[in-house]
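Participant: predicted model and sequence below, questions to follow.
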Amino acid sequence: MPKKTYPRNGEYFVFSLMTAQCQKCGKDYEPKRRGGKFCSTSCRVVQHQLVKRGEAWGKPASGDERYLADKLVAVGRSATEALVQVEGLPAAEAFGRLRALVQGWAGVANNSIIEKVQYSEEQEIKAQTTRLKRVKASK
């Protein structure tokens, strides 16, 4: 952690500075205020635009969210690798390899974190359906 010295009445006081990691670019920086999240205005603006478009997480991933995000990245990576491996293979062999991959993911599906996410997504879909019905009924 970087330290700064400040002279005061002929003595030097050493203050250790807090460092934080920018939520957009990941760079370590010294926040100007407590709770600073971004290293620069441009990082802050770009991150808020991405969140508004739904292309980034609104809050920093923590605990369950980080775990789920890591799992989804791993699933996506393994799916991409599997598709490259089965390209050009006979259909039966390709299906066998893909089936084994999906069965491996089944263990991930029986997870309380994923169940929470699925539940919240189901609730959101129900709410959107209700809103659409109300809009259609009002026309």
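Facilitator: Yes, it's here. The structure displayed is predicted, hence computed values, not measured ones.

Participant: quick one: residue 105 from residue 72, how far?
Facilitator: Look at residue 105 and residue 72: by C-beta to C-beta, to the nearest Å, they are 11 Å apart. C-beta here means a position set from N, CA and C on the backbone, and glycine is covered the same way.

Participant: ditto for residue 100
Facilitator: When distance is defined by C-beta to C-beta, residue 100 is 20 Å away from residue 72.

Participant: ditto for residue 137
Facilitator: Separation of residue 137 from residue 72 (C-beta to C-beta): 37 Å.

Participant: need the three-state assignment for residue 38.
Facilitator: State at residue 38, reduced to three classes by DSSP: H, G, I helix; E, B strand; the rest coil: coil.

Participant: could you pull up phi and psi at it?
Facilitator: Here is the backbone geometry of residue 38 (degrees, to the nearest 10): phi -130, psi 150.

Participant: which residues touch residue 50?
Facilitator: Residue 50 is in contact with residue 56, counting by C-beta atoms under 8 Å, 6 or more residues apart in numbering.

Participant: much appreciated, bye for now.
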